[in-house]
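K.L.:
A predicted structure for the sequence below; I have some questions about it.
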Amino acid sequence: MTDAANDSRKPVRTIVVGTRQSALALTQTGQVIEALEAICREHDLPYRFEIRKIVTKGDKILDVTLSKVGGKGLFVKEIEQALMDGDIDMAVHSMKDVPHELQAGMMIGAVPKRVDPRDALITNGIATIAELPQGAKVGTSSLRRSCQIKRLRPDCQVEWIRGNIDSRIRKLETEGFDAILLAMAGLQRMGWEDRAAAAIPTEECVPAVGQGALGIECREEDEQVRELLAFYSHRETVLAVTAERTFLGVLNGGCQVPIGAYATVDGEDITLTGMVGKPDGSVILKRTSTGTDPVELGRQLAALLGEDGAERILAEVRG
Ligand SMILES: NCc1[nH]cc(CCC(=O)O)c1CC(=O)O
């Protein structure tokens, strides 16, 4: 902010930011707004921000396994509608909740730098999956986590839990779980990393597509918001998430299939690992491939896993 007189001539636009109303969603939206305010100061952009909380279908249905509820964009649809209606100007989503196809006229304007993409093991002291007691009771709400933990420890009893991160962590005590699996990213954003006994290596448990990344959605026609968001996007994260999402899009898994993908970027090289499994963990197909074009790489890896038998697993699960 150099020239106050100049600033005062610019009309200030209030950008309304839509978000879910969970503690995690509000915290990450607050962090996004802080970063955008810093960008506005740096580039002398005359914007202020206001939060609008929106309840999604996924927030209303707390008592069922998400994969059984089905439907894409359970946590996104109502927020995207508000964006289309002009009630909000941008929407902060967890990238892993964003469906492959956006509504016409909508776009992801920024994918900021990813935080920890790994899954977290929440226990009372035990630091590895191998150390869990025989027949351990493990809580998760994800087929992907359940499948991969059963592969490593077929003796584990997986039980479905849902709810916000804090209520899931509480269940460790109140419902006698030996371990709960959550995303490290959520803990990190809340400042609760200390609650994780360990981060599970991505080789043991391939993360969900987009896990640890945010996606900021806006209207294609909104040049001002697009310009602002372009400053906030992180190249490596965009490449990694594009490769992962292309992989998922080609396999068209939906929530009913254990599926994961994780990409890293080193200079021009993108390395993508993809996995598809049977829900009971009896089969897990996994491949890693490197390339420079994220879309080509995602497609190529999906094709490789398809040859390995991923299509058969997907067909079986779809029924
Ligand atoms: N499926 C719900 C969800 N969507 C995003 C996160 C937080 C992690 C992230 O931002 O990737 C979570 C919670 C979890 O998986 O434990």
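P.N.:
Arrived safely, thanks for sending.
K.L.:
Quick check: neighbours of the helix or strand containing Thr271 in the sheet, parallel or antiparallel?
P.N.:
Counting by DSSP states H and E, the element that carries Thr271 is strand 269-277. Under the criterion DSSP bridges, strand 269-277 sits next to strand 259-266 (antiparallel), strand 284-291 (antiparallel) in its sheet.
K.L.:
and the residue nearest the centre of the chain, what does it touch?
P.N.:
Centroid-nearest residue in the chain: Lys96, 2.7 Å away (criterion: C-alpha atoms, centre = their mean). Neighbouring residues of Lys96 by C-beta atoms under 8 Å, 6 or more residues apart in numbering: Ala208, Val209, Gly210, Gln211, Ala213. In short, each C-beta sits where N, CA and C put it, glycine included.
K.L.:
what's the answer for Phe177, then?
P.N.:
Lys137, Val138, Gly139, Glu159, Ile161, Lys171.
K.L.:
Could you turn the buried ones of the residues you listed into a ChimeraX selection?
P.N.:
The buried residues among those can be selected in ChimeraX (16 or more other C-beta atoms under 10 Å) with this line:
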select :137,138,139,161,171
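K.L.:
Could you break the protein into its assigned domains?
P.N.:
1-112+212-233, 119-200, 234-319 (automatic domain parsing).
K.L.:
With mean pLDDT added, can I get the ones you listed in TSV?
P.N.:
TSV is the format used below for the domains of the chain (pLDDT from 0 to 100):
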stretch	mean pLDDT
domain 1-112+212-233	88
domain 119-200	94
domain 234-319	93
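K.L.:
now these as JSON lines including distance to the ligand?
P.N.:
Shown next, in JSON lines, are those (distance: least, C-beta to the nearest ligand atom, whole Å):
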{"stretch": "domain 1-112+212-233", "distance to the ligand": "3"}
{"stretch": "domain 119-200", "distance to the ligand": "3"}
{"stretch": "domain 234-319", "distance to the ligand": "10"}
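K.L.:
Val241 falls within a helix, correct?
P.N.:
Yes. With DSSP: H, G, I helix; E, B strand; the rest coil as the criterion, Val241 is located in a helix.
K.L.:
now, which of the contacts of Phe177 lie within helices?
P.N.:
Lys171 (DSSP state H).
K.L.:
Which ones among the contacts of Phe177 map onto strands?
P.N.:
Lys137, Val138, Gly139, Glu159 (DSSP state E).
K.L.:
Leaving out chain neighbours, which residue sits closest to the last one?
P.N.:
When you say that, I think you mean Glu159. The shortest distance from Glu159 to any non-neighbouring residue, by C-beta to C-beta, 6 or more residues apart in numbering, is to Gly139 (5.5 Å).
K.L.:
Quick check: beta-bridge partners of that neighbour?
P.N.:
Glu159, Ile180.
K.L.:
quick one: it from Val12, how far?
P.N.:
47 Å (C-beta to C-beta, to the nearest Å).
K.L.:
repeat for Asp155
P.N.:
Taking C-beta to C-beta, one finds Asp155 at 61 Å from Val12.
K.L.:
then stretch 96-108 to PDB, C-alphas only?
P.N.:
The C-alpha trace of stretch 96-108 is given here as PDB (Å, rounded to 0.1, in the frame of the first residue of the first chain):
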ATOM      1  CA  LYS A  96     -10.400 -34.100  -2.600                       C
ATOM      2  CA  ASP A  97     -14.100 -33.300  -2.300                       C
ATOM      3  CA  VAL A  98     -14.300 -31.500  -5.700                       C
ATOM      4  CA  PRO A  99     -15.800 -33.600  -8.400                       C
ATOM      5  CA  HIS A 100     -14.100 -34.000 -11.800                       C
ATOM      6  CA  GLU A 101     -16.700 -32.100 -13.700                       C
ATOM      7  CA  LEU A 102     -17.500 -28.600 -12.500                       C
ATOM      8  CA  GLN A 103     -20.800 -26.800 -13.500                       C
ATOM      9  CA  ALA A 104     -20.600 -24.900 -16.800                       C
ATOM     10  CA  GLY A 105     -19.000 -21.500 -16.400                       C
ATOM     11  CA  MET A 106     -17.200 -22.500 -13.200                       C
ATOM     12  CA  MET A 107     -13.400 -23.000 -12.800                       C
ATOM     13  CA  ILE A 108     -10.800 -23.800 -10.200                       C
END
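K.L.:
What are the buried residues along that stretch?
P.N.:
Buried, per 16+ other C-beta under 10 Å, within stretch 96-108: Lys96, Asp97, Val98, Pro99, Leu102, Gln103, Met106, Met107, Ile108.
K.L.:
what do you get for stretch 270-289?
P.N.:
Those would be 270-279, 281, 283-285, 287, 289, for stretch 270-289 by 16+ other C-beta under 10 Å.
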